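# Here is my input; please provide its structure:
(one chain, ligands or ions: 1)
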Amino acid sequence: MILTKPILFSAVQPSGNLTLGNYIGTMRHWSSMQNNYDCLYCVADLHALTNIKKNIFSLNKLILDTLSFYLACGVDPNKSIIFVQSHVYQHSQLNWILNCFSEFSELLRMTQFKTKRCSNNTSVKSIKAALLNYPILMAADILLYQTNFVPVGEDQKQHIELTRNIARRVNYLYGNIFTIPESLITQYGSKIMSLLEPEKKMSKSDINHKNVIYLLDDMYSIMLKIKNAVTDSEIPSKIYHDINKKPGISNLLEILSAVTNKDIKILLKELEGVMYSEFKKIVIDCVYKCLNNLQKSYYNYRSDESYLKKIAYDGAIKAQLKSKKTLKNIYDKLGLIAFEYI
Ligand code: TRP
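As a prediction, the model looks like this:
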């Protein structure tokens, strides 16, 4: 009997500077996940086309930057499939098919669509259809590989629910075509908040850069940003974890816990009686150490573009092989004619 591991799919958009939030929430876990799952790590470049800003960065560069971060986080191309979404055109093909099984009203209900639509400062006329259809492409990414688990932050959970609903709908009509995926959410650190406004998520699209620690930030920026991070005015000051009463301190605790791999309970014992300013120094030190290691590895991979392209090429071939099985199956069920090359 061959024992197979559950399948895990994860993706990040190559849409700009990755943040400490991306790292802590998702990418930090990728390396160890390879031991327990058959992993697919995808650079979601087609998703990034929904918010393309002309001439700021070329997408080409961002894709290779993102791939380098994947490798720097310990993703091993011999253990996992690491690939770029647009290289596996089965994604676009399934995307269209799933569009035919998705409801306009369920897409309109997506929180991310609602917030992007309001925050983009755009008139209704210029909102792109892709922004609405975005989660269907996510569903295609996931369902194409018979994925069991998708590690996501809280903000993407709704998209996974939608994916499950679309999959169930297709399965109900055509038999068991898709595995129903589950989201995998880590207890702490699945949502790192912004430094000055700890009520909102740390986001790479934040216009206030002081809110966000980027993975390529230098020591000086890390220090300045954490030094200025919002705490609270409880007297006497006390460090404990309570997201509602102490959002700033709780966020810094979660960051510290993630970068040191220490449980918050243990940290709290070590931090008993420590002043906020001292606490911040510890956080600065630990974040710097963590990012410095990551950056060294990142620059090492980033300097070799031909290696990166080879990784992407090999990954695409492997991903295509897997995705073709699902696509053929659904072609058959829908009455499309599936040739070998599909
Ligand atoms: N939309 C995700 C993000 O911005 C990236 C993504 C694309 C994704 N396809 C996915 C995440 C499939 C999980 C599963 O973070």
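
# my read is K309 is in a helix, agree?
Yes - assessed by DSSP: H, G, I helix; E, B strand; the rest coil, K309 belongs to a helix.

# The nearest residue to Q146 once chain neighbours are set aside: neighbouring residues, count only.
Distances taken as Cβ to Cβ, 6 or more residues apart in numbering place T179 nearest to Q146, at 4.3 Å, with adjacent residues excluded. Where C-beta positions appear, they are placed from N, C-alpha and C, glycine not excepted. For T179, the neighbour count with other Cβ atoms under 10 Å is 17.

# which residues sit in contact with A72?
Under the criterion of Cβ atoms under 8 Å, 6 or more residues apart in numbering, the contact list for A72 reads L294, Q295, S297, Y298, N300, Y301.

# which helices and strands does the helix or strand hosting the third one pack with?
This means S297. The secondary structure element spanning S297 is helix 276-302 (assigned by DSSP states H and E). When contacts are defined as 3 or more Cβ pairs under 8 Å, 6 or more residues apart in numbering; DSSP states H and E, helix 276-302 sits against helix 20-25, helix 59-72, helix 219-227, helix 247-260, helix 305-334.

# Can you pull the residues of the stretch 101-250 of the chain lying near the ligand?
Within the stretch 101-250 of the chain, the residues that sit near the ligand (Cβ under 6 Å from any ligand atom) are M138, D141, I142, V150, V152, Q156.

# and which of the contacts of A72 is nearest to G21?
The nearest member of the contacts of A72 to G21, counting by Cβ to Cβ, is L294 at 14.0 Å.

# any idea how far the ligand is from the residue nearest to Q146?
14 Å (Cβ to the nearest ligand atom, to the nearest Å).

# Touching, that residue and L144? I think so.
No - with contact defined as Cβ atoms under 8 Å, T179 and L144 do not form a contacting pair (10.6 Å).

# returning to that earlier point: any chance of the helices and strands packed on helix 276-302 in TSV, with mean pLDDT and distance to A44 too?
Supplementary listing: the helices and strands packed on helix 276-302 in TSV, determined by pLDDT from 0 to 100; distance: least, Cβ to Cβ, whole Å:
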stretch	mean pLDDT	distance to A44
helix 20-25	90	12
helix 59-72	95	9
helix 219-227	97	27
helix 247-260	96	23
helix 305-334	97	13
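
# Low-confidence bits of the stretch 1-150 of the chain, can you list those?
1-2, 54-57, 120-122 (pLDDT under 70).

# repeat that for 90
Within the stretch 1-150 of the chain, the ranges that satisfy pLDDT under 90 run 1-4, 15-17, 22, 25-26, 50-58, 115-128.

# which residues in it form strands?
7-12, 38-43, 81-84, 149-151 (DSSP state E, counting those that start in this stretch).

# May I see the ones you listed arranged in TSV, with mean neighbour count as well?
Converted to TSV, the strands of the stretch 1-150 of the chain look like this (neighbours: other Cβ atoms under 10 Å):
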stretch	mean neighbour count
strand 7-12	22
strand 38-43	24
strand 81-84	24
strand 149-151	21
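
# possible to save those strands as TSV with distance to I235?
Converted to TSV, the strands of the stretch 1-150 of the chain look like this (distance: least, Cβ to Cβ, whole Å):
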stretch	distance to I235
strand 7-12	41
strand 38-43	47
strand 81-84	50
strand 149-151	40
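
# Number of residues surrounding K296?
Other residues lying near K296 total 10 when counted by other Cβ under 10 Å.

# What residues does it make contact with?
When the contact criterion is Cβ under 8 Å, 6+ apart, K296 has no partners at all.

# Test for you: state the pLDDT assigned to it.
For K296, the model assigns a pLDDT of 98.

# With the one 4 residues further on instead?
Predicted confidence (pLDDT) at N300: the value is 98.

# residues near it, how many?
Other residues near N300 number 12, with proximity taken as other Cβ under 10 Å.

# Also R28?
R28 - counted by other Cβ under 10 Å - has 20 other residues nearby.

# Residue numbering should commence at 728 henceforth.
I'll keep to 728 as the first residue from here, and by that count the last item is R755.

# No further queries at this time; thank you.
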